[in-house]
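In: build the 3D model from these lines:
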Amino acid sequence: MNIYILSLSVADLLCGILVIPLSVYPALVREWVYGEFMCRLVGYTQSIVWIVTAYTLMWISVDRYIAIRRPSRYDTVQTKTRCQCWMAFTWISSAMMCTPPLLGDSNDSGFDTDSYICTLNWQSMIAYSATVVILVVGPSLITVIYTYSYVFVIVRRLKNGDLSHDKEYVTALTEALSNPNHTLSIVLILTFWLLWIPFLAIKTYEQISGHKLTISHLQFVIVWLGFSHSAWKAFILVTYSPQFRVMLRLLCITLCCRQKTPHDIELMNIGMDD
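Out: As a prediction, this is how the structure comes out:
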């Protein structure tokens, strides 16, 4: 789980360094002022971050599914090396998916005058763009719905005493369900998709109907509503992840305290062990 959280954190860091700071001022003056190269870089980074986040949340749902489906074999199936390989594959494939629009017609400006942000020129490659959307949104949503439907069914059956398994499995399952990562993953996934579904729904409607909605500031609101997921994610981690709170406290101790007390040293040792 820590590897997936690290992937989400790196994506948020890129968004916080390259996308958000360079998009605030152009949104205020309603024009891009940093040059064509930076516009393409911002659009490229934004696309990669979105795809990586969607795929990482999909892998998190698979991770929680395995923890419930095979609780006694979870450590064997979900090894550190395997998770690292999945994340490396996710980042590389996401970067490759976004490369064709990046190398498209350089004469077209990527600044969207409706949402006031820079995007890749996906409109010039409609067939390719539709394929990317299907490959990203389709598997992600289907996997999340299937895995958590199974988890919720198992939880309900466990509470009702309907599980026809041996005592060892029930004990391992109960221990796995007590892991706070289950609640953390559900909240992360729900928050991401609930914030981005308005944008996806409106864009899908516009492409199918061929009619662009002209409601004032609608595009601006739905885009920045989706971007707010990065900010909400920090509050979610602090609220639902005890390990994240411990590591955050260790970071504050390391940065702010020159002389550590024995209690702080003990806390750091516990954090490293976890």
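In: by contact count, what packs against the one helix or strand S129 maps to?
Out: Per DSSP states H and E, S129 falls inside helix 126-160. Applying 3 or more Cβ pairs under 8 Å, 6 or more residues apart in numbering; DSSP states H and E, one finds that helix 126-160 contacts helix 36-69, helix 80-97, helix 99-102, helix 167-177, helix 181-209. All C-beta spots, glycine's among them, are computed from the backbone N, C-alpha and C.
In: how about CSV for those helices, with mean pLDDT, distance to V132 and mean neighbour count added?
Out: Converted to CSV, the helices and strands packed on helix 126-160 look like this (pLDDT from 0 to 100; distance: least, Cβ to Cβ, whole Å; neighbours: other Cβ atoms under 10 Å):
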stretch, mean pLDDT, distance to V132, mean neighbour count
helix 36-69, 91, 8, 21
helix 80-97, 93, 5, 15
helix 99-102, 83, 9, 18
helix 167-177, 78, 35, 14
helix 181-209, 88, 13, 17
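In: need those helices in a markdown table with distance to A27, can you?
Out: Formatted as a markdown table, the helices and strands packed on helix 126-160 follow (distance: least, Cβ to Cβ, whole Å):
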| stretch | distance to A27 |
| --- | --- |
| helix 36-69 | 12 |
| helix 80-97 | 25 |
| helix 99-102 | 22 |
| helix 167-177 | 44 |
| helix 181-209 | 16 |
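In: right, and these - which one's nearest K233?
Out: helix 181-209 (6.7 Å; Cβ to Cβ).
In: what's that closest one packed up against?
Out: helix 36-69, helix 126-160, helix 218-227, helix 229-240.
In: what sits against the residue lying closest to M97 once chain neighbours are set aside?
Out: Spatially, and ignoring its direct neighbours in sequence, M97 is nearest to V132 (5.4 Å; Cβ to Cβ, 6 or more residues apart in numbering). Going by Cβ atoms under 8 Å, 6 or more residues apart in numbering, V132 touches I51, M97, W122.
In: and which of the residues you listed is nearest W196?
Out: I51 (11.8 Å).
In: report the separation between the closest one and M58.
Out: I51 is 11 Å from M58, where distance means Cβ to Cβ, to the nearest Å.
In: tally of neighbours for the residue nearest to T183 when sequence neighbours are not counted?
Out: Nearest residue to T183, sequence neighbours excluded (Cβ to Cβ, 6+ apart): Y240, at 5.4 Å. Using other Cβ atoms under 10 Å, Y240 has 18 neighbouring residues.
In: now Y240: how far from Y55?
Out: Counting by Cβ to Cβ - Y240 and Y55 are separated by 21 Å.
In: near T214, how many other residues are there?
Out: 8.
In: great, nothing more from me.
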